Every structure is written in C-alpha cells, then in structure tokens.
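*Asks:* sequence unknown, structure follows:
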Ligand SMILES: [Mg+2]
C-alpha cells in the first residue's frame, strides 16, 4: 500500500452529536510521521470518524500533499529525518497563508520549552506520544470546530464583499464596483495601449413610469433594462448601475464603429421590450452618451464620465432614444493634450435630464 494513500475513514457508525456529514465530507486530515507504527495508530484512532485521511512519511512528502489537497487539519510528528514537525509548521504557515489549517504536533518530549517553541512555530495544539486514541479524536474535534467556524466567517466575508459591490435591485455591479474596475482598466489601457469606452445610458422619461404606474412598475423597467445590458455585455467588458435610472457600459479593445454597433444593439433591444402596466402595453426607451480614450496618459474616471455625460445631454436634446458620442476631444491623446485636458475639465455631472 503506498504510504500516502488517501483513505476515507468509515462513516458507518451513527454520527451522534458529531458534525453534520456534509460539513465533514471535504474535511481532510494529513497525518505526517516517519514511523509506520504511529501512522497506523493515528489511522486506527480516526477509523470511525467521518474524515478523509492522507498519510505522508516525511516532511517533504507532507508539503507536496498539503499543496495538492489543502487539508483542514495536519497531525505531524516532531522528529523526522528531513524536516522536523516544527519546520513543517513554519513552512505551512509561511507558504499557505491564504487558507487556515489546524496543526497538531505529536511529540515524545514533554519539555515545556519545546512545547512553547512548537506553538510559536505555528502549531495550534500538541499531543505527547504515546497518545490516548480518545484524546486524539477529541483534539481533532476541537480543530474541526475551529476550522468550520473559520470557513463560515470566510464565506460570510465573501458574501459581504459581493453585496458591497452589487446593486440589490438589478444584480448589476454598483457604482463602487464600477469605480474599482474602470480605474484599474484605465491604467491598463494606458500601459498596454488599448482603447476604453464608457457609455452612460439613461432611461427616457423614467419619472413618468414611476408617477403613472408606481414604483413597482419602475423597478420592473429597471430590471428589464439590466437584463438587456447583461445579455449584450461580453465577459471582458462590464456593465453596472450608476444609480436611479442611469447605467454604465464599459467596453475595451474595440474601435469607435464597433462600440456604436454594440450600443445601438442595446438601444434597439430595449425599445422592443413591452411592459404590461395598467390596461395597456407600454414601451420605454433609453438615451446613450459615449466617450472613449486611448493613449499614454489616461484621464481620471470622473473626467471620462463627465464627457460621456455631456454626450448623453446632447442625445436627450436631439430627441432621446439615440446614441451620441463625445466628439470634442481627439481619441488618441498625447501627453500634452492629456495634461491640458485634466487642467481644463471640471468633471461635473449634468443633472435633471429626463
Ligand atoms: Mg519520528
């Protein structure tokens, strides 16, 4: 039998008072010991526990297995021919700091100084050899509870992070997510010389929908527009909701003509949407203002947004339900031009357009 054979311990015994089986399914324990006798003893102690147990006979093998499997718990011998248990703990903490594993040291030494050294190296707990099988199971249980708690906190954090970047009504990126993404893209566009376009979309006479049919009807329209946006946005681009009835599309690596086609497609798709409000069928349209950049000195996002906003303003004044580009500035900015542009432009949003 290979020394590091992956072994699923039998879970036939009723799991009374233990963790729910589905929580344990992924819980892997790595056992590291150069002594076949001790590996066997640990294996027997955990035989009836619902964990997946892996075995390594030295520190190097343990590091390889750890990298491949990211076990939740490690039970490691202290004295081994290549790496000591202490060094193994240090390396795991140093090289795998992104996820937390619970480390238990097995030592025949009861010297307190050594125990302190082990805990300082990154171990969470220790057991002295020869160990009591019940105590090993109990200490593994403590580790399991901590790891599960840790995973729950991580999942909650991910969820909160996601929520902080998502518009709750439409599920689109919110203003904060848009800012983060566009700012990183602007630097990349300047560095790698690709184009970046921002298009503000504003639903036409949206206030009328809310005033006539109520806010639920308004929300339906907003969600419908978001669906059209999502369906029309390539993975490498992004779309989001700026707030109210204003949305943003960001397109990269494309020329003006393709941008015009892509946004025109969104405009046409949305104007065909039918809404059953009251007794009849309503349609809503959207106007779009687009501004682009390519060159070595990127404008800041508010400047680009203000340019798109002024194009949107002219789309509204030319009759709405249309796409207008900001044509005033040259597309490929020189360093001088960009400098002048930054000094001159006062990024101010045009408000009150319906
Ligand atoms: Mg040993």
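*Replies:* Structure received. Just so it is clear, the model here is predicted, and its values are computed rather than measured.
*Asks:* switch to C-alpha atoms for all contacts and neighbour counts from now on
*Replies:* Will do.
*Asks:* for the top helix by length along the chain, packing partners?
*Replies:* Longest helix in the chain, counting residues (DSSP state H): helix 133-164. Packing partners of helix 133-164 (3 or more CA pairs under 8 Å, 6 or more residues apart in numbering; DSSP states H and E): helix 36-45, strand 73-77, strand 102-107.
*Asks:* What is the second one packed up against?
*Replies:* Helices and strands touching strand 73-77, by 3+ CA pairs under 8 Å, 6+ apart, are strand 28-32, strand 102-107, helix 133-164.
*Asks:* partners of it, with directions?
*Replies:* Sheet partners assigned to strand 73-77 using DSSP bridges are listed as strand 28-32 (parallel), strand 102-107 (parallel).
*Asks:* So in the protein, where's the weakest helix or strand by average pLDDT?
*Replies:* helix 335-344 (a mean of 36; mean pLDDT, DSSP states H and E).
*Asks:* Single out the most deeply packed of the helices and strands packed on helix 133-164.
*Replies:* Comparing those by mean neighbour count (mean count of other CA atoms under 10 Å), strand 73-77 comes out on top with a mean of 27.
*Asks:* how much does it deviate in direction from helix 133-164?
*Replies:* Angle, strand 73-77 to helix 133-164, by axes from the mean of the first three to the mean of the last three CA atoms, to 10 degrees: 140 degrees.
*Asks:* can you give me the mean pLDDT across the longest helix of the chain?
*Replies:* For helix 133-164, mean pLDDT rounds to 94.
*Asks:* buried residues in that helix?
*Replies:* 136, 137, 140, 143, 144, 146, 147, 148 (16 or more other CA atoms under 10 Å).
*Asks:* cool, and stretch 177-192?
*Replies:* Applying 16+ other CA under 10 Å to stretch 177-192 flags 177, 178, 182, 183, 185, 186, 187, 188, 189, 190 as buried.
*Asks:* check contacts around residue 312.
*Replies:* 200, 201, 202, 287, 288, 289, 290, 323, 324 (CA atoms under 8 Å, 6 or more residues apart in numbering).
*Asks:* try residue 190
*Replies:* Applying CA under 8 Å, 6+ apart, the residues near residue 190 are 294, 295, 296, 297, 298.
*Asks:* these two touch, right, the first one and residue 195?
*Replies:* It refers to residue 294. Yes - contact status for residue 294 versus residue 195: in contact at 4.7 Å, counting by CA atoms under 8 Å.
*Asks:* hey, what's in contact with both of these two?
*Replies:* Applying CA under 8 Å, 6+ apart, one finds that residue 294 and residue 195 are jointly contacted by residue 189.
*Asks:* For the residue of the stretch 101-250 of the chain found nearest the ion, which non-adjacent residue is closest in space?
*Replies:* Using CA to the ion, residue 107 is the residue of the stretch 101-250 of the chain that sits closest to the ion, at 8.4 Å. The shortest distance from residue 107 to any non-neighbouring residue, by CA to CA, 6 or more residues apart in numbering, is to residue 128 (4.9 Å).
*Asks:* now do residue 81
*Replies:* Using CA to CA, 6+ apart, the closest residue to residue 81 is residue 58 (7.1 Å).
*Asks:* and the gap between residue 185 and residue 40?
*Replies:* 55 Å (CA to CA, to the nearest Å).
*Asks:* Is the closest residue in space to residue 201 that isn't next to it in sequence bridged to anything, and to what?
*Replies:* Nearest residue to residue 201, sequence neighbours excluded (CA to CA, 6+ apart): residue 288, at 4.5 Å. Beta-bridge partners recorded for residue 288 (DSSP bridges): residue 201, residue 323.
*Asks:* Now for residue 288: which residues touch it?
*Replies:* 199, 200, 201, 202, 263, 311, 312, 315, 321, 322, 323, 324.
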